[in-house]
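1. A predicted structure for the sequence below; I have some questions about it.
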Amino acid sequence: MKFLEFFKRKMLIAHISGIPVLIDMRWIFVLFLMTFLTAGKLQREIDNYFTSFVFGFLTTLVLFASILFHEYAHAFAARREGIGVLEIVLHPFGGLARLQREPDTPRAEFRIAVAGPLASFFLAFLFLGLMLIFNAPETNILSLIFFFLSLLNFLLAIFNLFPGYPLDGGRVLRAILWRRGKDLTEATNLTARFGQIIGIALIVFGFVLI
């Protein structure tokens, strides 16, 4: 039981612009799982497994830093709208920027929601550019790593734009519905239903792939 309680805890790892950044301890398991999976992919290009493990570990850290950048973009936009940020939490399935309160207007909600995907798209194109720069035989491993990071950031942005709350796309849809006359509670309930439908669809899709 104490072992399970340990993984329910959160650990403070940094402050960024005064915002506490915490990790869910379950994130550590995902960190090593992703490291081993990435190392396995990289070993096709690197004969030495230890070297591929180091590159896999560093690549995974950059990926989680990308998720942190995504969440910080939400936090930055929220502060621009006059909303305080309680904390940013990295967990096994992504991250969360916890705000002190809901936005006051649909426009503020839209700006805060869209900031995360825009940050991820920016990183996707940045890593794509680095992939093209290092696309040479002697730097093939770096090119592969940058392609991997570009693809994952692109997929992160696309996934978050699905129109179901609490995904960013759901918050964008909530802002649109709010703007068109629905109150915030009604818009939230409606987009939450879309989120449930998306969740069920992803589960079914997962079983089909299996």
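-> Alright, I've got the coordinates.
2. Which of the residues in the longest helix that the chain contains are classified as buried?
-> Among the segments of the chain that qualify as a helix by DSSP state H, the longest is helix 49-80. Buried residues in helix 49-80, counted by 16 or more other C-beta atoms under 10 Å: 52-53, 55-57, 59-60, 62-64, 66-79. C-beta: built from backbone N, CA, C; applies to glycine.
3. try stretch 150-162
-> So, applying 16+ other C-beta under 10 Å, buried residues of stretch 150-162: 150, 152, 153, 154, 156, 157, 159, 160, 161, 162.
4. From the chain's centroid, how far away is the helix or strand harbouring the third one?
-> I take that to be residue 153. Counting by DSSP states H and E, the element that carries residue 153 is helix 140-160. Helix 140-160 sits 12 Å away from the centroid of its parent chain (C-alpha atoms, centre = their mean, to the nearest Å).
5. Which neighbouring elements make contact with it?
-> Where contact means 3 or more C-beta pairs under 8 Å, 6 or more residues apart in numbering; DSSP states H and E, helix 140-160 is packed against helix 26-42, helix 49-80, helix 106-133.
6. Now do the nearest residue to residue 91 once chain neighbours are set aside against residue 108, distance only.
-> The shortest distance from residue 91 to any non-neighbouring residue, by C-beta to C-beta, 6 or more residues apart in numbering, is to residue 24 (3.9 Å). Distance of residue 24 to residue 108, given as C-beta to C-beta, to the nearest Å: 28 Å.
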